[in-house]
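Trainee: pasting the structure only:
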C-alpha cells in the first residue's frame with residue numbers, strides 16, 4: 001500500500017519530464033546560432049576553484065594594480081589582500097569558522113570588499129544586508145540567517161543598537177567611511193563625524209562593539225588559519241522575495257557565483273587580464289546581487305578596478321567623481337540612467353573610453369535608452385537575472401548597436417525554457433514563465449526546503465515567476481510578472497510585508513498593496529486602506545509605514561476605500577485594485 005502511494009506521483013512526474021523533453025526536441029537552445037564566432041556553448045565549471053582561489057590569484061597577479069577607487073584614493077590588489085587576510089585572521093581568532101554567517105551592512109565604501117573577502121578567507125558565508133533597513137527588517141534577516149557577527153558602517157549603527165535586544169550578536173565591527181584608505185581615510189572619517197546628523201548617536205554594550213581598524217590591526221600579524229573551502233560551500237546568503245513574496249535567502253555557492261562571473265566574462269570578451277585596463281563605475285550597491293557579481297567580482301577576477309560610488313543619489317557628487325576619472329564600463333538601473341540623463345553637467349563628461357553600459361534590475365525605458373545614446377554615444381545593453389541565478393541569465397549582444405528592448409540571449413551553459421501553466425514548453429512567440437537551468441542557479445532557499453521544492457520544476461529548472469516570450473532565434477522578451485511583486489528603482493517590494501506593517505496600525509481595518517506605474521522609479525507602492533478610525537489621516541498612515549519600512553517600500557499613494565474587492569472566499573482581488581491604482 002505504501003509502496004503504491006509513493007510510486008504513483010513519481011510515475012506522473014517522470015511522464016511530465018518525458019513530455020517536456022519530447023516537446024523541446026528539435027528546438028533546444030536556438031540562441032546558440034546567434035552567438036558570435038568563438039563564443040562557446042558551454043563553460044568548464046569544475047576547474048574554476050572557489051572565490052577564495054580567485055581572490056588569492058588576483059592579489060598575486062595584479063598586486064600593483066588599483067582594485068578600488070573611492071573618495072579620490074585607490075586601494076591596490078596587494079593592499080586589499082593584506083587587509084582581507086588581517087580581517088580573516090581576526091575573525092578566526094574570535095571563533096568564526098567554516099560556514100559561520102557574517103553579516104555586512106554598508107554601502108559602497110572600501111571596507112565592504114575587505115569585509116567580503118575577509119569573511120570568505122575565514123571560511124565564512126557572507127550575508128548581505130541593506131544598510132537602510134529598519135530595526136524590524138534587520139532583526140528578521142539576522143535572526144533568519146543566524147549571523148552572530150555584523151560589520152556595519154557607523155552611520156547606520158543606531159539601527160543596530162535599536163534592534164539589539166531582539167538579536168543574538170557576539171560582535172559588531174564599526175566601520176568608518178574612509179576605513180582602508182590610510183591617513184586620508186582617517187581624515188574622511190573625522191570629517192564625516194562632524195557633519196550634522198551624518199552619524200546618529202548610538203550605544204552598544206561594552207565588549208560588543210569594536211572598531212574595524214582595530215580589528216585589522218589586531219589581525220595584521222596573524223596569518224589566517226588554513227580552511228578547506230570547496231565549490232559547493234555557501235559563499236552568500238542573498239536575501240530575496242523569490243517567487244512567492246516571502247523574504248528568504250538564496251543559497252549561492254562558490255560554484256554558482258564563479259560560474260556566473262566566467263559566463264559574464266566570456267560574453268563581454270573580458271577574458272584577457274593583460275588587455276586594456278578596465279574601470280567599472282560601481283554606483284549600484286554591492287549588497288545587491290547585480291553589482292556584486294557583474295561589477296565587483298567580475299572585475300576582481302579580470303584585474304579591473306571598481307570606482308565605488310557610496311551615494312549615487314547625490315547627483316552632483318556623482319557627476320563630480322565621474323569627471324575626475326577615466327572610466328570604461330558602467331552598470332545601472334533605469335532610474336540611475338534617467339537621473340544622469342537629466343543632470344545638466346552629464347553631457348560634459350568624457351565618454352570616449354566607455355566600452356559598454358549594462359542595464360538590469362528593472363526594465364530600461366525606451367526614452368531613457370534613446371537619451372542615453374544621444375548623450376554618451378553608447379548603447380545600453382539590457383540583461384536579465386535574479387538573486388537565485390547569481391544573477392545573470394540572459395544578456396543582449398556585447399556589441400549591440402541599438403537598444404533592443406529585449407533581455408537578449410541566454411549566456412553559455414544556461415538553458416531557458418518558457419513554460420505554459422501546465423508545465424509544458426510554450427511555442428515560440430507564446431508567453432510563458434521563464435524557467436532556468438544552469439550552474440549559476442542557487443543551491444536552494446536557506447532553511448526552506450518547501451520553498452525550494454515549489455520553485456523548481458520536475459526536470460530541474462528554476463521557476464522565476466516572470467513571464468516572457470522566446471523568439472525563434474532564442475531571443476527573450478519580458479512580458480510581465482506572474483506574482484504581485486512591485487519593482488521600485490530595481491528593488492523588490494513585496495505586498496505581504498507592507499500589508500503586514502499597515503495592518504498593525506490600530507486605526508486600519510483592512511489593507512491591500514499593489515504597484516502602479518511611476519515615471520521616476522518604474523513603479524510605486526500604492527496602499528488601499530479600509531479605516532477603523534475615521535480620523536486617521538493619509539500622512540499618519542505613511543508615517544507609520546516609514547517607521548518600520550525602508551523608504552522605497554513606503555506607499556507613495558494611500559487610497560481610502562469603503563471596502564476592498566474580494567473573491568467569494570474572501571481573498572482580496574489585487575488585480576482589480578491595480579486597475580484603479582492612481583498614476584504617479
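Mentor: Thanks, I have it. Keep in mind the model is a prediction, meaning the values are calculated, not measured. Numbering: from 1, shown residues only.
Trainee: quick one: which helix or strand includes residue 464?
Mentor: strand 462-470 (DSSP states H and E).
Trainee: Run a quick neighbour tally on the spatially closest residue to residue 180 that is not a sequence neighbour.
Mentor: In this structure, residue 180 finds its nearest non-sequential neighbour in residue 110, 3.6 Å apart by CB to CB, 6 or more residues apart in numbering. Just so you know, the C-beta spots here come from the backbone N, C-alpha and C atoms, and that holds for glycine as well. Neighbour count of residue 110, defined by other CB atoms under 10 Å: 30.
Trainee: Over to residue 324?
Mentor: 10.
Trainee: in the stretch 1-150 of the chain, which ranges drop under the pLDDT threshold?
Mentor: 1-27 (pLDDT under 70).
Trainee: Now do the helices in it.
Mentor: Using DSSP state H, counting those that start in this stretch, the helices found in the stretch 1-150 of the chain span residues 2-24, 51-61, 77-93, 111-121, 135-145.
Trainee: swap in the stretch 451-584 of the chain?
Mentor: Under DSSP H, counting those that start in this stretch, the stretch 451-584 of the chain gives helices at 495-503, 538-546, 574-580.
Trainee: for those, which one sits closest to residue 406?
Mentor: helix 574-580 (24.7 Å; CB to CB).
Trainee: which secondary structure elements does that closest one contact?
Mentor: Applying 3 or more CB pairs under 8 Å, 6 or more residues apart in numbering; DSSP states H and E, one finds that helix 574-580 makes contact with strand 508-518.
Trainee: And residue 468, how far from residue 439?
Mentor: Using CB to CB, to the nearest Å, residue 468 is found at 21 Å from residue 439.
Trainee: where does the chain have low pLDDT?
Mentor: For the chain, counting by pLDDT under 70, the residues that fall below are 1-27, 183, 187, 189-198, 241-246, 480-483, 567-571, 581-584.
Trainee: Could you give me the buried positions within stretch 550-568?
Mentor: Going by neighbour count (16 or more other CB atoms under 10 Å), the buried part of stretch 550-568 is 550, 552, 553, 554, 555, 556, 557, 558, 559, 561, 564, 565.
Trainee: Can you add distance to residue 512 and give those back as CSV?
Mentor: Putting the buried residues of stretch 550-568 into CSV (distance: CB to CB, whole Å) gives the following:
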residue, distance to residue 512
550, 20
552, 19
553, 15
554, 16
555, 11
556, 15
557, 13
558, 12
559, 10
561, 9
564, 5
565, 9
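Trainee: tell me which of those residues is nearest to residue 298?
Mentor: Looking across the buried residues of stretch 550-568 and measuring by CB to CB, the closest to residue 298 is residue 552, at 25.7 Å.
Trainee: does that closest one really touch residue 492, like I thought?
Mentor: No: with contact defined as CB atoms under 8 Å, residue 552 does not count as touching residue 492 (9.6 Å).
Trainee: Just give me how far stretch 339-350 sits from the chain centre.
Mentor: Distance, stretch centre to chain centre, for stretch 339-350: 26 Å (CA atoms, centre = their mean, to the nearest Å).
Trainee: Report the separation between the two terminal residues of it.
Mentor: One end of stretch 339-350 sits 17 Å from the other (CA to CA, to the nearest Å).
Trainee: Can you point out the buried residues in it?
Mentor: In stretch 339-350, counting by 16+ other CB under 10 Å, buried: 339, 340, 341, 346, 349.
Trainee: Now secondary structure and distance to residue 476 too, for those residues, in TSV please.
Mentor: As requested, those are exported to TSV (DSSP: H, G, I helix; E, B strand; the rest coil; distance: CB to CB, whole Å):
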residue	secondary structure	distance to residue 476
339	helix	27
340	helix	27
341	helix	26
346	helix	31
349	coil	32
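Trainee: Could I get the residues you listed in a markdown table, plus columns for distance to residue 446?
Mentor: Converted to a markdown table, the buried residues of stretch 339-350 look like this (distance: CB to CB, whole Å):
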| residue | distance to residue 446 |
| --- | --- |
| 339 | 34 |
| 340 | 36 |
| 341 | 39 |
| 346 | 41 |
| 349 | 42 |
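Trainee: related to what we said a few turns ago, just give me the closest of the buried residues of stretch 550-568 to residue 375.
Mentor: Looking across the buried residues of stretch 550-568 and measuring by CB to CB, the closest to residue 375 is residue 552, at 26.3 Å.
Trainee: Just give me the neighbour total for the residue lying closest to that closest one once chain neighbours are set aside.
Mentor: Nearest non-adjacent residue to residue 552, counting by CB to CB, 6+ apart: residue 488, 4.5 Å away. Applying other CB under 10 Å, we find 23 residues neighbouring residue 488.
Trainee: I'd say residue 488 and residue 526 touch.
Mentor: No: Residue 488 is beyond contact range of residue 526, at 11.3 Å (criterion: CB under 8 Å).
Trainee: picking up where we left off before, give the full set of residues in contact with the residue nearest to residue 180.
Mentor: Shown in contact with residue 110 (CB atoms under 8 Å, 6 or more residues apart in numbering): 68, 70, 75, 178, 179, 180, 181, 185, 308.
Trainee: just the buried members of those residues?
Mentor: By 16+ other CB under 10 Å, the contacts of residue 110 give 68, 70, 75, 178, 179, 180, 181, 185, 308 as buried.
Trainee: Now go through these and say which are in strands.
Mentor: Taking DSSP state E, the ones among these that sit in strands are 68, 70, 75, 308.
Trainee: mind checking which helix or strand residue 361 is in?
Mentor: Per DSSP H and E, there is no helix or strand for residue 361.
Trainee: Which residue lies closest in space to it, excluding its sequence neighbours?
Mentor: Residue 361 sits nearest to residue 490 (CB to CB, 6+ apart), 3.1 Å away.
Trainee: Give me the neighbour count for the one you found.
Mentor: Neighbours of residue 490 (other CB under 10 Å): 22.
Trainee: Thought residue 331 was touching it, still the case?
Mentor: No: the pair residue 490 / residue 331 is not scored as a contact, 10.8 Å apart, by CB under 8 Å.
Trainee: joint contacts of these two?
Mentor: 284, 290, 360.
Trainee: so which of those residues comes closest to residue 145?
Mentor: Among those, and counting by CB to CB, the member closest to residue 145 is residue 290, at 20.5 Å.
Trainee: That closest one and residue 238, how far apart?
Mentor: Applying CB to CB to residue 290 and residue 238 gives a distance of 11 Å.
Trainee: ok, these two, which is more surrounded?
Mentor: Shown here are residue 290 and residue 238; by other CB under 10 Å, residue 238 has more neighbours (27 against 24).
Trainee: Touching, that one and residue 130? I think so.
Mentor: No: at 11.5 Å, residue 238 does not count as touching residue 130 under the criterion of CB under 8 Å.
Trainee: Could you report the distance from residue 478 to residue 422?
Mentor: 21 Å.
Trainee: likewise residue 207?
Mentor: 59 Å.
Trainee: Spell out the secondary structure type for residue 320.
Mentor: helix (DSSP: H, G, I helix; E, B strand; the rest coil).
Trainee: State the number of residues packed around it.
Mentor: Look at residue 320: counted by other CB under 10 Å, it has 11 neighbours.
Trainee: And it, how far from residue 267?
Mentor: 32 Å.
Trainee: what residues go with each domain of this protein?
Mentor: 2-32+409-481, 51-229, 486-580 (automatic domain parsing).
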